[in-house]
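In: how does the following fold in three dimensions:
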Amino acid sequence: MGSGPAIRHFIDIADLSGNELRAILEESARMKRGRLGLGKAVREPDAPLAGRMMALIFEKPSTRTRVSFDVAMRQMGGDTLMLSSTELQLGRGETIQDTARVLSRMVDAIMIRSGNHEAVCELAAHAEVPVINGLTPRSHPCQIMADLLTLAEHKGDLEDTVVAWSGDGNNVALSFIHAAAKLGFSLRLACPEEFSPDPDDLKWAQALNSNIVLTRDPVEAAAGADCIVTDAWVSMGDTDAELREAALEPFRVDADLMAHAAKDAIFMHCLPAYRGKEVTEEVLESPMSVVFDEAENRLHAQKGILAWCLNVLS
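Out: The predicted structure is shown next:
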């Protein structure tokens with residue numbers, strides 16, 4: 001096959017420049033504004049992905065990722081093919097390399113939600129179409145794009161915002177680290193020592209002169225923050241639930257912790273949320289909570305990502 005333009009994969013936020021990330025967010029916001037007054041099933045007027053097909057591969061259950069990518073692709077004029085690892089020869093021993101080559105001949109993009117980050121990277125290395133990371137144990141870049149869109153809607157210029165993370169230094173936290181380093185907002189991470197982000201990732205961010213602080217004190221992280229974010233303490237595949245809950249209990253987001261943030265601070269959570277564990281019912285259902293704006297923005301953020309990957313940005 002002839003050499004064409006470089007394939008635009010979306011595996012980690014760290015792989016993109018700040019300008020590329022801003023372009024995706026601007027496109028997401030533009031398409032969201034353009035849908036005001038339109039029905040949920042109505043396609044975008046210009047249908048930029050008409051005739052395009054995306055394979056959606058799920059190794060793990062999903063609500064927001066599955067629905068948002070499917071609806072985003074359809075609203076942009078394209079179509080989707082839902083697959084699980086059990087439906088592919090990949091689940092019976094076919095190599096990732098061969099799977100990538102075969103799918104590249106039949107679809108225009110691949111989104112995969114996997115329990116193996118290295119396998120997603122290998123898929124992208126051999127695919128001839130864009131590969132999008134829908135979630136791996138290492139990172140969750142699509143979620144963070146929706147979070148950034150939500151943060152910008154409620155707080156304005158990202159560079160002027162302070163985000164406080166309270167809880168597990170997990171894949172979502174890592175993608176926040178990537179985003180803060182690339183886009184210049186302040187990030188304070190409050191995590192127990194045994195569930196802290198990888199030191200190598202923090203060193204990477206520090207090398208970019210980022211304003212990222214790691215603390216063991218959630219109150220220190222929350223002080224004056226524009227936004228407090230958390231995530232579930234126990235994720236799919238975790239086998240140490242009791243250990244996690246004991247270590248993370250002091251990092252629960254409750255009304256007392258929110259009181260240390262700015263008066264107009266917002267609360268975000270990628271969902272599903274477990275009330276009474278990582279966040280109280282009082283906070284989750286309060287006016288400070290924008291979790292359902294955040295969930296809706298998965299749809300609009302996926303559109304921006306698709307537009308960038310398939311080179312149809314406005």
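
In: helices along this structure, start to end?
Out: Secondary structure of the chain (DSSP state H): helices located at 18-34, 64-75, 96-104, 117-126, 141-155, 171-183, 199-207, 218-222, 241-248, 255-258, 281-284, 291-309.

In: what's the closest of these to residue 272?
Out: When the helices of the chain are compared for distance to residue 272 using Cβ to Cβ, the nearest one is helix 64-75, at 8.9 Å. Heads up, the C-betas are built off the backbone N, CA and C, glycines and all.

In: can you name every helix or strand that that closest one contacts?
Out: Other elements packing on helix 64-75 under the criterion 3 or more Cβ pairs under 8 Å, 6 or more residues apart in numbering; DSSP states H and E are strand 53-58, strand 79-84, strand 109-113, strand 131-135, helix 291-309.

In: need these in a markdown table with distance to residue 122, mean pLDDT and mean neighbour count, can you?
Out: Listed next are these as a markdown table, based on distance: least, Cβ to Cβ, whole Å; pLDDT from 0 to 100; neighbours: other Cβ atoms under 10 Å:
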| stretch | distance to residue 122 | mean pLDDT | mean neighbour count |
| --- | --- | --- | --- |
| strand 53-58 | 13 | 96 | 21 |
| strand 79-84 | 17 | 93 | 16 |
| strand 109-113 | 11 | 97 | 26 |
| strand 131-135 | 10 | 98 | 28 |
| helix 291-309 | 18 | 98 | 23 |
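
In: just put the ones you listed in JSON lines and tack on distance to residue 177.
Out: Compiled in JSON lines, the helices and strands packed on helix 64-75 are given as follows (distance: least, Cβ to Cβ, whole Å):
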{"stretch": "strand 53-58", "distance to residue 177": "26"}
{"stretch": "strand 79-84", "distance to residue 177": "30"}
{"stretch": "strand 109-113", "distance to residue 177": "21"}
{"stretch": "strand 131-135", "distance to residue 177": "15"}
{"stretch": "helix 291-309", "distance to residue 177": "18"}
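
In: can you tell which of these is closest to residue 182?
Out: When these are ranked by proximity to residue 182, the top entry is helix 291-309, at 14.1 Å, counting by Cβ to Cβ.

In: and the closest one, what does it pack onto?
Out: Packing contacts for helix 291-309, counted by 3+ Cβ pairs under 8 Å, 6+ apart, involve helix 18-34, helix 64-75, strand 131-135, helix 141-155, strand 266-269.

In: could you say which of these is packed most deeply?
Out: Relative to the other members of these, strand 131-135 carries the highest mean neighbour count by mean count of other Cβ atoms under 10 Å, namely a mean of 28.

In: how about residues contacting that one?
Out: Outside of strand 131-135, the residues within contact range by Cβ atoms under 8 Å, 6 or more residues apart in numbering are 9-12, 56, 58, 60, 62, 65, 69, 100, 109-114, 117, 120, 123-124, 139-143, 171, 305-306, 309.

In: need the CA coordinates for stretch 67-76. PDB is fine.
Out: Output of stretch 67-76 as PDB, limited to C-alpha atoms (Å, rounded to 0.1, in the frame of the first residue of the first chain):
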ATOM      1  CA  VAL A  67     -23.100   4.100  24.000                       C
ATOM      2  CA  SER A  68     -21.200   7.400  23.500                       C
ATOM      3  CA  PHE A  69     -19.000   6.000  20.700                       C
ATOM      4  CA  ASP A  70     -21.900   4.200  19.000                       C
ATOM      5  CA  VAL A  71     -24.200   7.300  19.100                       C
ATOM      6  CA  ALA A  72     -21.300   9.700  18.200                       C
ATOM      7  CA  MET A  73     -20.400   7.700  15.100                       C
ATOM      8  CA  ARG A  74     -24.100   7.500  14.000                       C
ATOM      9  CA  GLN A  75     -24.800  11.200  14.600                       C
ATOM     10  CA  MET A  76     -21.700  12.000  12.500                       C
END
